[in-house]
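Would you be able to build a 3D model of this:
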Amino acid sequence: MSSSIPPVPAKLREMLKDYPEHIERLQERLIVVAEAPRSSVPRFELAVWALEGRLDTFISEARGELAAATASGDPAVIEKADAKERLMSQAAWKHVWIGDEALWDDINSI
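Model prediction:
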């Protein structure tokens with residue numbers, strides 16, 4: 001990965017460590033921001049919006065999985081899906097990751 005590509009905030013990487021595909025999907029959004037042509041919107045704002053959008057997608061997906069698990073009636077599947085939905089909701093709280101220094105530094109250096 002190029003040093004000009006901002007990393008997924010460390011707190012999000014830590015929270016989503018059991019979901020590496022989610023981390024990859026967040027990184028993909030940051031790459032799009034880094035490669036986007038300059039605009040009047042600060043890149044940091046674009047990065048925040050990109051992360052928020054993808055995290056909202058994760059919540060929606062997790063809620064769908066929870067609904068399917070609930071319909072299955074399997075307590076173990078329900079418990080796992082419920083834990084995932086709670087984790088995705090917590091990860092989406094911007095205050096959890098917005099202060100990540102590496103994200104600030106890297107996005108502002110592009």
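
could you pull out the helices for the protein?
10-15, 20-35, 43-72, 75-91, 101-108 (DSSP state H).

now those helices as CSV including mean neighbour count?
Any C-beta I mention is one placed from the backbone N, CA and C, and that applies to glycine too. CSV is the format used below for these (neighbours: other C-beta atoms under 10 Å):
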stretch, mean neighbour count
helix 10-15, 16
helix 20-35, 16
helix 43-72, 16
helix 75-91, 16
helix 101-108, 16
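
Those into CSV, with extra columns for mean pLDDT?
Formatted as CSV, the helices of the chain follow (pLDDT from 0 to 100):
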stretch, mean pLDDT
helix 10-15, 94
helix 20-35, 95
helix 43-72, 96
helix 75-91, 98
helix 101-108, 70
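
Return the residue of the chain that is most distant from the centre.
residue 73 (29.0 Å; C-alpha atoms, centre = their mean).

For that one, give its distance to residue 65.
From residue 73 across to residue 65, the span is 15 Å (C-beta to C-beta, to the nearest Å).

swap in residue 42?
Counting by C-beta to C-beta - residue 42 and residue 65 are separated by 35 Å.

Kindly report the same for residue 92.
16 Å.

residues in contact with residue 98?
9, 48 (C-beta atoms under 8 Å, 6 or more residues apart in numbering).

Local confidence estimate at it?
Predicted confidence (pLDDT) for residue 98: 82.

that older thread, phi, psi of the residue farthest from the centre of the chain?
phi 80, psi 0 (degrees, to the nearest 10).

go on, residue 7?
phi -80, psi 160.

Excluding covalently adjacent residues, which one is nearest to it?
residue 102 (5.3 Å; C-beta to C-beta, 6 or more residues apart in numbering).

so that neighbour touches residue 12, yeah?
No: assessed by C-beta atoms under 8 Å, residue 102 is found out of contact with residue 12, at 11.3 Å.
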